[in-house]
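[1] build me a structure from this.
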Amino acid sequence: TVLNSPANNVSLTTATPTLAFTATDPEGDQVSYQIQVGNADFSTLHMDVTTTNYASGTPQTRVVSPALTQGGIDYYWRVRAKDPSGSNTYGAWATARKMTTEALPPSVTSGATTAITTTTATAAGEVTSANGATITERGIAYHTSTNPTTANSKQVVSGTTGSFSGNLTGLTPNTTYYWRAYATNSKGTTYGVNRNFTTEPRPPVVSTGAPSGTAIDSITVTGSSLTSNPDAQTIDEYGVVYSTSNNPTVANSKQVASGGSGSYNNTITGLTENTTYYIRAYVKWRGSDHVYGSQVSFKTQGRPVVTLNTPAASGSVTDVRPQLDFTGNDPDSNTITYQLQLNPTNSFTSPSVDVLSASNTGFTNRSDVKTDPFYSGNQIRYTLQSDLARGTDYYWRVRGKDTNGSDSWGEWTTARKFTVSAIA
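    Numbering: from 1, shown residues only. Prediction:
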């Protein structure tokens, strides 16, 4: 078998070269052919075909198929023949010839988009083949219109073949961008498929109002507002979140408010007295995302706590107008006014003595000259203003109110019993 064309070591100008060859049978029998195109040792075949019978010595041709689409690649081809009417055995392969495909523009694929933010994104690509010419540039072309080219915006990425990624910066929030991976060699520029992504919208901005009207178990937060919504996102919910720990979120407690871009107020109830709370305004947007305003704190009002001093529990007094001593402490150090009750039984439905330090005589300050309302921490004495019955048990209790703070009565002390002795 003789290989006619193309010549050995030829550079091809087509992806579908025509191979020409001739075989002569010694007996003049018809011949059939096997034609192979592959790598140097033909361990990888691009084409492997056989033919029907042809007249001995008649030149034959075969177009390479499929086309040699990869540029700058060395391919080898060879032919052998047999005479089906004679020995029906293939003769030796003709000496293989080499042909090199013409260099082509690069082969490029567009990958995935990741790490999308309001102004940045990362786009991936791959130069799968240089196609026989050196890669001079590769990267990502992008624009707000489809099928961008390097004439639009581009991010050049160093390197030649293989995978790469380009970091796109300076993008506009809440905007759809189109992009394609590209690569350039001396034969031209090739683009991967068109991809797109949308940058994240800018989140709304919310400000936290001011606490006011603090009580022992409630607070009003006035003037929280959605101060800006730059990308006109849908707002699903407004309100405040609060906790006894810093930087509360909706995972803690929240109070939903009504309102829009203007101010809104929240009244929070069910709080614990004399406790510091932290609060932030919030809005919910995009279904499940939340943004928060700055944190403010407040402390609920506390109520005075009174301690009974003398007479001692189950003690005895000889004076029919005994002196009852107690001490009040306010958590906010506000001044305190008192209510004292006394009764022969441990039921104060209708106490025999029910006096207020603000309006009744008999209260004196044992710690200071300050009269009602008394300073927090002062020991106060109440002297009975009428005689008690001798030989009788009495129960007494006291509670306090800080009129400059919560203005709420604290808890009654546990009633304490004493006995007026039968004999003076």
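
[2] who are the contact partners of Ser129?
    When contacts are counted by CB atoms under 8 Å, 6 or more residues apart in numbering, Ser129 is found next to 70-71, 106-107, 161. Bear in mind the C-beta positions are built from the backbone N, C-alpha and C, glycine included.

[3] now do Tyr90
    So, once contact is read as CB under 8 Å, 6+ apart, Tyr90 ends up touching 34, 80-82.

[4] I'd like to know which of those are buried.
    Neighbour-count burial (16 or more other CB atoms under 10 Å) applied to those gives 34, 80-82.

[5] could you export stretch 415-424 as PDB, CA atoms only?
    Taking Å, rounded to 0.1, in the frame of the first residue of the first chain, the C-alpha atoms of stretch 415-424 are listed here in PDB:
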ATOM      1  CA  ALA A 415     -46.900  40.000 108.900                       C
ATOM      2  CA  ARG A 416     -45.100  39.900 112.200                       C
ATOM      3  CA  LYS A 417     -46.700  39.100 115.600                       C
ATOM      4  CA  PHE A 418     -46.000  40.700 119.000                       C
ATOM      5  CA  THR A 419     -47.900  40.600 122.300                       C
ATOM      6  CA  VAL A 420     -48.800  43.400 124.600                       C
ATOM      7  CA  SER A 421     -48.000  42.200 128.100                       C
ATOM      8  CA  ALA A 422     -50.900  41.800 130.500                       C
ATOM      9  CA  ILE A 423     -49.000  43.800 133.200                       C
ATOM     10  CA  ALA A 424     -47.300  47.100 132.600                       C
END
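
[6] begin at 30 from here
    With the count now opening at 30, the last piece we talked about shows up as stretch 444-453.

[7] touching that stretch from outside, list them.
    Contact with stretch 444-453 is made by 337, 340-347, 349, 351, 375, 377, 417-426, as judged by CB under 8 Å, 6+ apart.

[8] the same query, at a cut-off of 6 Å, please.
    Applying CB atoms under 6 Å, 6 or more residues apart in numbering, the contact partners of stretch 444-453 are 337, 340, 342-347, 375, 417, 419-424, 426.

[9] cool, and stretch 405-419?
    349-356, 358-359, 362, 365, 369, 391-397, 403, 449, 451.

[10] do the same with stretch 423-440
    Residues from elsewhere that reach stretch 423-440 (CB under 6 Å, 6+ apart): 245, 330, 332-333, 335, 353, 355, 357, 359, 361, 363, 365-373, 375, 402, 441-442, 444, 446-447.

[11] repeat that with 7 Å
    244-245, 330-335, 337, 353, 355, 357, 359, 361, 363-375, 377, 402, 417, 441-442, 444-447, 449 (CB atoms under 7 Å, 6 or more residues apart in numbering).

[12] likewise stretch 180-191?
    Applying CB under 7 Å, 6+ apart, the external contacts of stretch 180-191 come out as 155-156, 158-159, 164, 166-172, 193, 195-197.

[13] out of these, which are buried?
    Listed as buried from these are 155-156, 158-159, 164, 166-172, 193, 195, 197; burial here means 16+ other CB under 10 Å.

[14] where does pLDDT dip in this structure?
    For the chain, the stretches with pLDDT under 70 are 288-290.

[15] how about the nearest residue to the most centrally placed residue in it, chain neighbours excluded?
    The residue lying closest to the centre of the chain (CA atoms, centre = their mean) is Asp318, at 7.7 Å. In this structure, Asp318 finds its nearest non-sequential neighbour in Pro232, 7.3 Å apart by CB to CB, 6 or more residues apart in numbering.
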